[in-house]
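*Asks:* sequence unknown, structure follows:
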């Protein structure tokens with residue numbers, strides 16, 4: 001290879017390194033914040049974050065392997081094998097990259113992802129009962145009801161920390177997406193149906209929520225807050241509400 005060819009390869013690798021570094025910095029910048037799924041504050045959100053990191057790690061390994069093979073193919077010496085040997089080698093690559101790799105990837109995703117998804121389901125808690133809250137989506141606000149009382153709120157949900165919460169989700173008009181990134185996954189509110197989403201906060205705090213399904217002109221402003229109290233403070237809050 002000529003000196004000019006080596007210089008071009010070095011420039012290419014330098015650009016690759018800069019690009020990878022920029023992407024990593026961009027990724028790490030999104031690991032925290034009020035709407036970050038990578039900063040979980042509850043069991044359901046933690047399962048979603050672990051699933052994301054698992055998929056990201058495996059995808060990174062596959063990407064590095066593919067790029068390494070690509071660079072090797074660009075730099076390897078001329079192939080001196082005969083036509084039948086080359087055909088057998090190509091067949092192996094097709095089977096390995098087109099059959100074995102996708103099959104193994106899907107199996108790994110299922111083995112890792114199914115248990116994570118199971119943890120996010122609104123199953124009966126091991127101890128006690130889940131608190132039920134009814135939430136109805138409107139254009140462009142959220143109506144909140146507590147079935148065991150006459151409490152009705154707008155764009156505001158109060159919950160006890162450390163307790164499973166079942167959000168019974170419906171809509172009065174179009175499809176909306178109920179999403180509290182730090183407490184759980186996203187679930188759509190679909191006309192004519194009631195879907196149930198399990199949330200739980202590890203500790204008291206204020207958590208932001210957002211409609212995650214485009215629902216019209218003011219979709220971006222369809223936000224809400226979830227206020228997690230200690231169990232004692234939540235009981236006092238319930239007592240203080242108008243009957």
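*Replies:* Good, I have the coordinates. Predicted, not measured: the structure shown is a model, and the values here were computed from it.

*Asks:* in the chain, what spans have low per-residue confidence?
*Replies:* When residues are selected by pLDDT under 70, those of the chain lie in 1-33, 79-81, 243.

*Asks:* can you tell me which helix in it is longest?
*Replies:* helix 43-75 (DSSP state H).

*Asks:* Summarise which helices and strands it is packed against.
*Replies:* helix 101-119 (3 or more CB pairs under 8 Å, 6 or more residues apart in numbering; DSSP states H and E). In short, each C-beta sits where N, CA and C put it, glycine included.

*Asks:* and the next element down the chain from the helix it packs on?
*Replies:* Note on helix 101-119: by DSSP states H and E, the next helix or strand toward the C-terminus is strand 131-138.

*Asks:* residues in contact with that following strand?
*Replies:* Strand 131-138 is contacted from outside by 142-148, 157, 159-160, 163-173, 176, 178, 189, 211, 215, 222, using CB atoms under 8 Å, 6 or more residues apart in numbering.

*Asks:* returning to what we had before: from the middle of its chain, how far away would the longest helix of the chain be?
*Replies:* From the chain centre to the centre of helix 43-75 is a distance of 16 Å (CA atoms, centre = their mean, to the nearest Å).

*Asks:* just stretch 205-218 next, same as before
*Replies:* On CA atoms, centre = their mean, the centre of stretch 205-218 falls 15 Å from that of its chain.

*Asks:* Tell me who's in contact with the residue lying closest to residue 48 once chain neighbours are set aside.
*Replies:* Closest residue to residue 48 apart from its sequence neighbours, by CB to CB, 6 or more residues apart in numbering: residue 185 at 5.3 Å. Contacts for residue 185 (CB under 8 Å, 6+ apart) come out as 44, 45, 48, 120, 179, 197.

*Asks:* ok, which pair from the residues you listed is furthest apart?
*Replies:* 120 and 179 (13.1 Å; CB to CB).
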